[in-house]
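Student: coords below, sequence missing:
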Ligand code: CAA
């Protein structure tokens, strides 16, 4: 599928999706959000894919937020629809059956920070800048930032970022647990690919079930969540990858997983 604002490249079971509106620092307008929806729906359906990397075009930005020019004159109903569209994108990414790695290569502000938060793992270039600056614009985050940020870094830390609109650098983001790792900008995509390839070599079904267990279990009471985990554990025993993984260990050879 051809997109106006996204570049999509696939190789070795890894898709790299690049938000490509560099003249607006990759800001998310309605068209880009709809393209992300279509793109990720396609990635979900592609059984040859194991892992997705999400990044931004250019040297300067991952995504500098929702598109302010496009939002300025919205009425309340249109603003709600816009927020719900953005949330649908974040939900699709968060619940994609394949891991999504954000390679944050510059500004990740507002909707851009929310996009990174919807990903499973965040790697940052040391030029990355994070923030939820919506209060500077007289609004609040609309793509899930008030919910995912405190779930990731804790209520108090999230509230400080949300209330002040302050931008933080990659080192501070690492300290807060907002990103997994910081690397030199020139090494960012390479590091994301190495990590993606490592995950792509595992049993795809068990990786997907890990993701589902973490995502859904964390919202449950602990006993129910552990029962949920046991059911997912049991489900693995219906797969060829479980037979292969355990068989290979006992035969002292590397496992060759098929994702079945
Ligand atoms: N929406 C629309 N256009 C944007 C944009 C955004 N979020 N961010 C940057 N741009 C545009 C600028 O308007 C500018 O366009 P022109 O060249 O046509 O003037 C171009 O990108 C380059 O930006 P700057 O000249 O501002 O670049 P800079 O290096 O001086 O500053 C920046 C970079 C600090 C990221 C600054 O652009 C900025 O503060 N951007 C806005 C960040 C922001 O507030 N994001 C939150 C949006 S609200 C939101 O996302 C709500 C939600 O949750 C749904």
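Tutor: Good, I have the coordinates. Keep in mind the model is a prediction, meaning the values are calculated, not measured.
Student: Flag every residue of the protein that's near the ligand.
Tutor: For the chain, the residues in contact with the ligand (C-beta under 6 Å from any ligand atom) are 24-25, 27, 64-69, 86, 107, 109-111, 114, 133-134, 137, 141-143, 145. Just so you know, the C-beta spots here come from the backbone N, C-alpha and C atoms, and that holds for glycine as well.
Student: you'd agree residue 8 is in a strand?
Tutor: Yes: assessed with DSSP: H, G, I helix; E, B strand; the rest coil, residue 8 lies in a strand.
Student: residues in contact with the nearest residue to it once chain neighbours are set aside?
Tutor: In space, and not counting its chain neighbours, residue 8 is closest to residue 17: 5.4 Å by C-beta to C-beta, 6 or more residues apart in numbering. Residues near residue 17 by C-beta atoms under 8 Å, 6 or more residues apart in numbering: 6-8, 36, 39-40, 43, 52-55.
Student: Next, check those residues against the helices and list the overlap.
Tutor: Of these, the ones assigned to helices by DSSP state H are 36, 39-40, 43.
Student: Can you tell me which of these is nearest the ligand?
Tutor: In terms of C-beta to the nearest ligand atom, no member of those lies closer to the ligand than residue 36, at 13.4 Å.
Student: Which residues are in contact with the closest one?
Tutor: Residues near residue 36 by C-beta under 8 Å, 6+ apart: 6, 17, 19, 28, 89, 92-93.
Student: per-residue pLDDT, the spatially most central residue of the chain?
Tutor: The structure's the chain has its C-alpha centroid closest to residue 119; by C-alpha atoms, centre = their mean the separation is 1.4 Å. As predicted, residue 119 sits at a pLDDT of 98.
Student: Just confirm it contacts residue 101, I think it does.
Tutor: Yes: counting by C-beta atoms under 8 Å, residue 119 touches residue 101, with 6.4 Å between them.
Student: Give me the common contacts of the two.
Tutor: residue 54.
Student: what pLDDT does residue 2 get?
Tutor: Confidence score, pLDDT, at residue 2: 87.
Student: dump the residue contacts of residue 99.
Tutor: By C-beta under 8 Å, 6+ apart, residue 99 lies in contact with 51-52, 120-121, 196, 199, 207, 211.
Student: Mind doing that once more with 6 Å?
Tutor: Residue 99 makes contact with 51, 120, 199 under the criterion C-beta atoms under 6 Å, 6 or more residues apart in numbering.
Student: Kindly report the same for residue 85.
Tutor: Going by C-beta under 6 Å, 6+ apart, residue 85 touches residue 33.
Student: Does it lie in a helix or a strand, and which?
Tutor: Taking DSSP states H and E as the definition, one finds residue 85 inside helix 76-94.
Student: mean confidence for that helix?
Tutor: Averaged across helix 76-94, the pLDDT comes to 98.
Student: and what of stretch 7-27?
Tutor: On average, the pLDDT along stretch 7-27 is 98.
Student: Show me which residues of that stretch are buried.
Tutor: 8, 13-21, 24-27 (16 or more other C-beta atoms under 10 Å).
Student: Repeat that for stretch 77-92.
Tutor: For stretch 77-92, a neighbour-count test (16+ other C-beta under 10 Å) marks 82-83, 85-87, 89-90, 92 as buried.
Student: Could you do stretch 240-251 as well?
Tutor: Under the neighbour-count criterion of 16+ other C-beta under 10 Å, stretch 240-251 has 241-242, 244-245 buried.
Student: Just the ones in helices from the residues you listed, please.
Tutor: Those of these lying in helices (DSSP H): 241-242, 244-245.
Student: measure residue 51 to the ligand for me?
Tutor: According to C-beta to the nearest ligand atom, to the nearest Å, residue 51 and the ligand sit 26 Å apart.
Student: Next, count neighbours for that residue.
Tutor: Other residues near residue 51 number 28, with proximity taken as other C-beta atoms under 10 Å.
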